[in-house]
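K.L.:
Fold the following and give me the result.
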Amino acid sequence: MSIDTFDFIVERLLNSIKHQNTPMRACIPPKEMVAVTIRYLASGATFTDMHYYYRIGISTISKTVRLVCNSLWKRRISPAAYGGNMATYSR
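P.N.:
Sure, this is the predicted structure:
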């Protein structure tokens, strides 16, 4: 996946997946949430494998993957829908 495609996906999902930092914890940035989800879907790794790679809790990874996938589905974002070239999609 190209950097432009990744940035396009993050930009489209930003409002639906971002969270607010609190005094108790810092939230996971949207770019990292999308990266975790794409790596999980592309590699077929388990949540435990992802936990060791990203140093994020297993239940947090599970919730993150579900949130990003649901957001992708609701917005119907697919590079294939644009012929694999997201740059031609009008913003």
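K.L.:
Spatially nearest residue to the residue nearest the centre of the chain, not counting backbone neighbours?
P.N.:
Geometric centre of the chain, nearest residue: V34, 1.5 Å, by C-alpha atoms, centre = their mean. Counting by C-beta to C-beta, 6 or more residues apart in numbering, V34 lies nearest to V10, which is 5.1 Å off, once chain neighbours are set aside. Every C-beta, even on glycine, is put in place using the N, C-alpha and C of the backbone.
K.L.:
what about the one you found, how many neighbours?
P.N.:
19 (other C-beta atoms under 10 Å).
K.L.:
Show the pLDDT at it.
P.N.:
Per-residue pLDDT puts V10 at 90.
K.L.:
Confirm for me that I28 is in contact with T64.
P.N.:
Yes - in this structure, I28 is within contact of T64 by C-beta atoms under 8 Å, at 6.6 Å.
K.L.:
more crowded one of these two?
P.N.:
Between I28 and T64, counted using other C-beta under 10 Å, the more crowded position is T64 (23 against 19).
K.L.:
Could you check the pLDDT of the residue in the chain sticking out farthest from the centre?
P.N.:
For the chain, the largest distance from the centre (C-alpha atoms, centre = their mean) belongs to P23, which lies 24.2 Å off. Here, the pLDDT recorded for P23 equals 90.
K.L.:
OK, contacts around it?
P.N.:
Taking C-beta atoms under 8 Å, 6 or more residues apart in numbering as the criterion, P23 is in contact with no other residue.
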